[in-house]
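Visitor: predicted model and sequence below, questions to follow.
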Amino acid sequence: MSAETKAPRAHIMVVDDELVIRELLESFLTMAGFRVTPVQSAFEAEAIAARDRPDLVITDLQLEESDGLEMVGRLKALLPDTPMILLTGVLFDPKVVREVLQKKVSSYIEKTAPLSRIIEEVQRLLPGR
Amino acid sequence: MPTPRDKTLWRVLAFFLVVLAVFAAAAFISIRNINRSVAGSDWVNHTHAVIQETEGLRSDLYIGDGAAHTYVVTGDPRDRRASTEALSDISDHLDILTALTRNESGQKEEVAKIGVLVNNRLEFLRGILAAHQSGDTAALKAALLEDAGQPGVKQIERAVGKLKDEELGLLTDRDTASFLQAQTTRWTVMAGVVLDVLLLAGAGWLIWDDLGARKRAAKALQQANDVLEDRVRDRTAELASSNQSLKSENLERRWTNQGLEHQLRYNNLIISSINDLVLVLTKATNISRVNPAVTKLTGREPHELIQLPLASMVRLVHEGDGPMIDPVVQAMNEGRDIKEQPAIVTDKLGREIPVQLALFPLRDKDKIVGAVVIIQASEGRKP
């Protein structure tokens, strides 16, 4: 396949204040063929989103300087059509989680879920990418 | 050990050496036979000269003898002169014959005998010529009578005939030998040519076979290389795939670990953040875990409390008269919660602190494995 006909790699922004999670998700998603921008804070995420529009955002619920849901709200204003996945391990009842989050994020995945579950969700939200 | 290529090279070289040897042998034999033929030709010429001289001698003998007899009859000086010339020529022939046969002992003897006989005859002829010239008729008649039937001529004729026959026989033998030499040369050359052609054909076949073997070897090598390259490619792909799988598995494992670690840390954070005293009991009501609020209230560190019975730190307030059955043990046995149970906590210094105790049995698949105790101090005593 020539360079002209090859589709550009989808851009995924990973927002998490824990370095190990950023590194793991960056390695995994890069290996799966995506272009990944790891981001540490909500402020940085908004700056990146304005400069290099991501095709998908994966964010932790709990960030040092902000709340992941708050950041999702602000990013939605910037990227209204961009799907967003919320990663967290602090919510207990899936039913409650769904009811609370389904209007704010595209998907919710527990941090204890395997990576294969994450890639399934990414591929579902970015079909053909 | 020589390689197949070296072997072929040596074989071809050996073939060419044999070809050269055969060629040299054929050339040697041919040249030798040609030299022999040349020598035989000289000998034939020599033999013909001997025969010619012999024939000349006999012819001149007849001429001289006839002329001498005619002269004694006719007295014609021309006959005398012819006789004298013939006799002179006979001497020349005899000298030449002697010279030609001087190196051949058998013929030399024959010529010597002929010489004696010829000289005798010449002596006789000169005698009758001299007798006629002197007019001695009686002597002439006596000499001629004595020569009746010409026995001397017949002897010479036989001797000359014998010499000539011998020379002709030698010529025949030499001719046969020459023919055989020519045949030998012909067969030698033909055999050499045929052998050389066969050897060259053999060398050609060897080269052809070697080229074929090299082509087959090159093809086999190419096929082996192709197979090897395929295997290397497959193996590389397998290794790349395995490497990818290992990376994925490694990432998955690290991800699982961090998830569990995160969950554990967060759970600990929740429990540690509770201001009430939280204790985890084993089924035997021994303390297995405490939150920081316990240390803050009692002054006892976790390692001082672990494995101690709950009763060593907490005493339930009994409001009845009868003997008290431990409500903690009872609640755990029955799988029942305890709520707002008045109790006394003794701190490290032995001071007693009134508290409210709650207990919740820990169930694991419908089996009670322990209990969680939550102790609330009064507002003024909270840690």
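Guide: Thanks, I have it.
Visitor: enumerate the residues of chain A near chain B.
Guide: A:18, A:20-21, A:24, A:27-28, A:31, A:89-90, A:110-116 (CB under 8 Å from any CB of the partner chain). Heads up, the C-betas are built off the backbone N, CA and C, glycines and all.
Visitor: what's the farthest-apart pair in those residues?
Guide: Greatest spatial distance in the residues of chain A next to chain B: A:Met31 and A:Val90, 27.8 Å, computed using CB to CB.
Visitor: helix or strand for the residue of chain B found nearest chain A, which one?
Guide: Residue nearest to chain A within chain B: B:Gly259 (4.0 Å; CB to the nearest CB). Secondary structure from DSSP states H and E places B:Gly259 in helix B:151-273.
Visitor: that helix packs against which elements?
Guide: For helix B:151-273, the packing partners by 3 or more CB pairs under 8 Å, 6 or more residues apart in numbering or on different chains; DSSP states H and E come out as helix A:19-31, helix A:115-125, helix B:4-74, helix B:105-134.
Visitor: out of these, the one nearest B:Glu166 is which?
Guide: With CB to CB, the closest approach to B:Glu166 among the helices and strands packed on helix B:151-273 belongs to helix B:105-134: 7.2 Å.
Visitor: next SSE after that closest one?
Guide: Going down the chain from helix B:105-134, the next helix or strand is helix B:137-146, by DSSP H and E.
Visitor: which residues of the stretch 1-150 of chain B score low on pLDDT?
Guide: Scanning the stretch 1-150 of chain B for pLDDT under 70 picks out the ranges B:1-5.
Visitor: B:Ile353 is nearest to which of the helices and strands packed on helix B:151-273?
Guide: helix A:19-31 (42.2 Å).
Visitor: how near is B:Gln155 to B:Val118?
Guide: 10 Å (CB to CB, to the nearest Å).
Visitor: looking at the two, which is more packed in?
Guide: B:Val118 (26 against 17; other CB atoms under 10 Å in any protein chain shown).
Visitor: surely the more buried one meets B:Leu57?
Guide: Yes: judged on CB atoms under 8 Å, B:Val118 makes contact with B:Leu57 at a distance of 6.9 Å.
Visitor: need the residues touching each of the two.
Guide: Shared contacts of B:Val118 and B:Leu57 (CB atoms under 8 Å, 6 or more residues apart in numbering or on different chains): B:Ile90, B:Leu94.
Visitor: three-state assignment of B:His318?
Guide: coil (DSSP: H, G, I helix; E, B strand; the rest coil).
Visitor: can you check the pLDDT for the closest residue to the residue of chain B closest to chain A other than its chain neighbours?
Guide: Closest residue in space to B:Gly259, ignoring its immediate chain neighbours: A:Thr112 at 4.0 Å, by CB to CB, 6 or more residues apart in numbering or on different chains. Note for A:Thr112: predicted pLDDT of 83.
Visitor: and for A:Thr112, the neighbour number?
Guide: 14.
Visitor: same thing with B:Arg36?
Guide: B:Arg36 has 16 nearby residues by other CB under 10 Å.
Visitor: returning to what we had before: TSV for the helices and strands packed on helix B:151-273, including distance to B:Pro302?
Guide: Below are these laid out as TSV (distance: least, CB to CB, whole Å):
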stretch	distance to B:Pro302
helix A:19-31	28
helix A:115-125	36
helix B:4-74	84
helix B:105-134	148
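Visitor: B:Ser91 is nearest to which of the ones you listed?
Guide: helix B:105-134 (7.4 Å).
Visitor: what's that closest one packed up against?
Guide: Short answer (3+ CB pairs under 8 Å, 6+ apart): helix B:105-134 packs on helix B:4-74, helix B:77-100, helix B:137-146, helix B:151-273.
Visitor: what's the most buried one of those?
Guide: helix B:77-100 (a mean of 17; mean count of other CB atoms under 10 Å in any protein chain shown).
Visitor: and the angle for it with helix B:151-273?
Guide: For helix B:77-100 against helix B:151-273, the angle by axes from the mean of the first three to the mean of the last three CA atoms, to 10 degrees is 30 degrees.
Visitor: now the angle from helix B:77-100 to helix B:4-74?
Guide: Going by the same axes, to 10 degrees, helix B:77-100 makes 150 degrees with helix B:4-74.
Visitor: might you report the residue contacts of B:Leu171?
Guide: B:Val44, B:Thr47, B:His48.
Visitor: which of those come close to chain A?
Guide: Counting by CB under 8 Å from any CB, no member of these is near chain A.
Visitor: buried ones in stretch B:340-347?
Guide: B:Gln341, B:Ala343, B:Val345 (16 or more other CB atoms under 10 Å in any protein chain shown).
Visitor: ok, stretch A:18-37 next?
Guide: Result for stretch A:18-37 [16+ other CB under 10 Å]: buried residues A:18, A:21-29, A:32, A:34, A:36-37.
Visitor: can I get those residues in a markdown table with pLDDT?
Guide: Compiled in a markdown table, the buried residues of stretch A:18-37 are given as follows (pLDDT from 0 to 100):
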| residue | pLDDT |
| --- | --- |
| A:Glu18 | 88 |
| A:Ile21 | 91 |
| A:Arg22 | 93 |
| A:Glu23 | 94 |
| A:Leu24 | 93 |
| A:Leu25 | 94 |
| A:Glu26 | 95 |
| A:Ser27 | 93 |
| A:Phe28 | 93 |
| A:Leu29 | 94 |
| A:Ala32 | 91 |
| A:Phe34 | 95 |
| A:Val36 | 97 |
| A:Thr37 | 96 |
